[in-house]
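In: have a look; sequence and predicted model below, questions after that.
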Amino acid sequence: MSETALSPSVRLPKPAASRPAPERPDFDGRRSLVGGLVRTARPHQWVKNLLVLAAPGAAGVLTQGPALARASIAFAVFCVAASGTYFMNDVVDREHDRRHPTKHRRPVASGVVPRRVASAVADVMLPGALVVGWLTLGGFFAACVGAYLAVNLAYNLRLRYEPVFDLAAVASGFVIRAIAGGLATGVQLSEWFLVVTSFASLFVVAGKRTAARFDVGDAHRPPEPRVHYPVSYLRYVRALGSGVAIAAYCLWAFEKSAAVRDGVWFQWTIAPFVLAMLRYALLVEQYEGESPEDLLLRDATILVLVVVWAAMFALAVYGS
């Protein structure tokens, strides 16, 4: 990166030639082992695990104490499982990450977290998530956790090099979370729920791949260990995913509105849902869609639309 690309607020004066530059203090946690472990766990990514609340929330059971407790346990288990996969991924990718212009700062790649320590943490977290899920929420939920871990392992070893299958593998992580939430709380999943979740996930993943493709387009950057799709193909996948997801959501909303009192709120949720999808599509075209969880927390428009949708949906489910 050239010096002119740096903001003046982050430029630092060059140290005098007669003495070495002082090391940054450890109080920011970036160079400490504990801080490195926390960064490797990627707690900011846990927002994805809120998908386990989708099925029980749609069924209107989150106001019941036992269902809320089981959903909370499911969320915690997937947080542990997801963080365990990040430790595993960073160990597998450490050599590649060291040559990457930004990923070389990751704790495992930079040496802040030793490889053996990261491997040991993964060896504890991954089976730990399975065991806790089995003991607290039953075998079917544990099977979902196991499927999530198996897909991540297959993705690291092979699927990320296989066209189409890598998209399906990443999208399945979102779908498995949603299914696990229903299994944890005893909620029967409808066909519409599975269709919307599956194709919306495909839409988001295609957006991630679009942004990643342009993020590594510089000739001086090493290629990512994944398939590089033509932009036109990714646009087709996004159109397919968003089109099916929106159509299925509309059909589901009209079906629900006819089945409950004051069901018009279900119909009204269509507007913020569609607008949020369109907003994300616009951000992807501006090459800002690589991290959906960051967009959710950073983009004010999407955040407002999500809040409006959630309020309408809550009125539809819990007010009828």
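Out: Structure received. Numbers count the residues shown, from 1 in each chain.
In: mean confidence score for the helix or strand residue 148 falls within?
Out: Assessed by DSSP states H and E, residue 148 sits inside helix 139-157. For helix 139-157, mean pLDDT rounds to 93.
In: mind listing what's buried along the helix or strand that comes right after that helix?
Out: Per DSSP H and E, the first helix or strand lying C-terminal to helix 139-157 is helix 165-185. Residues of helix 165-185 classed as buried: 166-185 (neighbour count, 16 or more other C-beta atoms under 10 Å). For every residue, glycine as well, the C-beta is placed using N, CA and C.
In: now swap in stretch 87-105 and tell me
Out: 87-94, 97, 100, 103.
In: what is the nearest of these to residue 316?
Out: The closest of these to residue 316 turns out to be residue 89 (C-beta to C-beta; 38.6 Å).
In: the closest one contacts residue 160, correct?
Out: No - with contact defined as C-beta atoms under 8 Å, residue 89 does not reach residue 160; the gap is 10.1 Å.
In: pLDDT weak spots in the stretch 51-200 of the chain?
Out: Filtered on pLDDT under 70, the stretch 51-200 of the chain yields no residues whatsoever.
In: again, only using 80
Out: Scanning the stretch 51-200 of the chain for pLDDT under 80 picks out the ranges 100, 102.
In: and the one helix or strand residue 193 maps to, how far out from the chain middle?
Out: Counting by DSSP H and E, the element that carries residue 193 is helix 191-215. In terms of C-alpha atoms, centre = their mean, to the nearest Å, the centre of helix 191-215 is found 11 Å from the chain centre.
In: quick check, pLDDT for the residue nearest the centre of the chain.
Out: Centroid-nearest residue in the chain: residue 48, 4.4 Å away (criterion: C-alpha atoms, centre = their mean). Listed pLDDT for residue 48 reads 89.
In: would you mind measuring from residue 209 to residue 111?
Out: Plainly put, residue 209 is 30 Å away from residue 111 if you go by C-beta to C-beta, to the nearest Å.
In: give me the more crowded residue out of these two.
Out: residue 209 (25 against 12; other C-beta atoms under 10 Å).
In: thought the more buried one was touching residue 229?
Out: Yes - at 6.1 Å, residue 209 and residue 229 qualify as touching, with contact defined as C-beta under 8 Å.
In: can you list the buried residues in stretch 190-202?
Out: For stretch 190-202, by 16+ other C-beta under 10 Å, it's 190, 192-202.
In: for the nearest residue to residue 179 once chain neighbours are set aside, what are its contacts?
Out: Using C-beta to C-beta, 6 or more residues apart in numbering and skipping the chain neighbours, the partner closest in space to residue 179 is residue 144 (5.9 Å). By C-beta atoms under 8 Å, 6 or more residues apart in numbering, the contact list for residue 144 reads 133, 176, 179-180, 183.
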